[in-house]
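**Student:** Quick one, structure for this:
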Amino acid sequence: MIRHIFLSFLILCVTKIKSQEIDGCMYFGRFWSSYRSIDYGTGFRNQQKSNYNYFPSISVNKYYKNNSSLEFNISFTNYQQYYSTRKYLAAYSSSNIAGHLIVRWCFPVIKGDKFEIRLKGGGSLGIAGLYKVEYSVIAFNPSIDSVTRGTEKKNFTPIFPMLSTGLDISYKMSKRFKLSLAATYQKGFLRITQYDIYYNDGSGNNDQRAKQWGTGDFYGMQLGLRYMLRDKEGKKFMK
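**Tutor:** Purely as a prediction, here's the structure:
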């Protein structure tokens, strides 16, 4: 129901609301996602620095008379969640692909004929799968004695709302093309992934426990090429 209302709003804004300049854009870059954890033992390691992955997007921008604009964006993220234990340095990881439907209002900080800077604010709906899986990771070594196992719960809800903010800098290279550098931050509220982990820290028994979870939060940086579909008067370009 929420998804249908959101998509109807997108279609209305794109097709019915009178605007001026319109452009479409393809972005590609990388994003970093963070995870929280609780260690009930002494050896859990929350591997946050490795959660850095590719981040493609497609967007449409519609400008209005006051130079503000509305951005409609579809992005894809491959969340990678890592952890390790003190005795087992190699990190266990798992991937979780999600799509994001984003609507953001964009405010011009600078708007010139060639150069533009916009601040963005709005909302996003993340859409992903829903499953629960048992997993185990085992390592034995004369100097490493560590066993980790537990329950991996992913996407407690297949649709999760997020706040979406950002900034982009664009330079008009020609009549119909703009080069754009965009930064994005998204903040989630629902716990969409969680590991319930049992491990040992050298005793040989799974007698210690930890939890690690994420809400979909991420920071991203992308480079994109924007293609003008309509000019400042809202007219299609002549061939």
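**Student:** and the gap between Ser75 and Phe177?
**Tutor:** 21 Å (C-beta to C-beta, to the nearest Å). All C-beta atoms are positioned from the backbone trio N, CA, C, and that covers glycine.
**Student:** repeat for Ser68
**Tutor:** Counting by C-beta to C-beta, the gap from Ser68 to Phe177 is 22 Å.
**Student:** Please apply the same query to Asp168.
**Tutor:** Applying C-beta to C-beta to Asp168 and Phe177 gives a distance of 15 Å.
**Student:** the more surrounded of Ser75 and Phe177?
**Tutor:** Ser75 (24 against 13; other C-beta atoms under 10 Å).
**Student:** who's the more buried one bridged to?
**Tutor:** Ser57, His100 (DSSP bridges).
**Student:** Could I get the full set of strands for this protein?
**Tutor:** 22-33, 36-39, 44-47, 52-63, 69-85, 92-111, 115-128, 131-140, 145-154, 159-172, 177-188, 193-199, 208-214, 218-230 (DSSP state E).
**Student:** now those as TSV including distance to Lys236 and mean pLDDT?
**Tutor:** Shown next, in TSV, are the strands of the chain (distance: least, C-beta to C-beta, whole Å; pLDDT from 0 to 100):
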stretch	distance to Lys236	mean pLDDT
strand 22-33	9	91
strand 36-39	49	93
strand 44-47	51	83
strand 52-63	14	90
strand 69-85	18	89
strand 92-111	22	89
strand 115-128	21	94
strand 131-140	46	58
strand 145-154	45	62
strand 159-172	18	94
strand 177-188	16	96
strand 193-199	45	82
strand 208-214	44	88
strand 218-230	6	92
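**Student:** got the CA coordinates for stretch 223-233 in CSV?
**Tutor:** This file holds the C-alpha atoms of stretch 223-233, laid out as CSV (Å, rounded to 0.1, in the frame of the first residue of the first chain):
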residue,chain,number,x,y,z
LEU,A,223,30.2,11.0,-10.3
GLY,A,224,27.4,11.5,-12.8
LEU,A,225,26.5,12.8,-16.3
ARG,A,226,23.3,14.8,-16.6
TYR,A,227,21.5,15.0,-20.0
MET,A,228,19.1,17.9,-20.6
LEU,A,229,15.7,16.9,-21.8
ARG,A,230,14.0,20.3,-21.7
ASP,A,231,15.4,23.9,-21.7
LYS,A,232,14.8,26.7,-19.2
GLU,A,233,11.5,27.5,-20.9
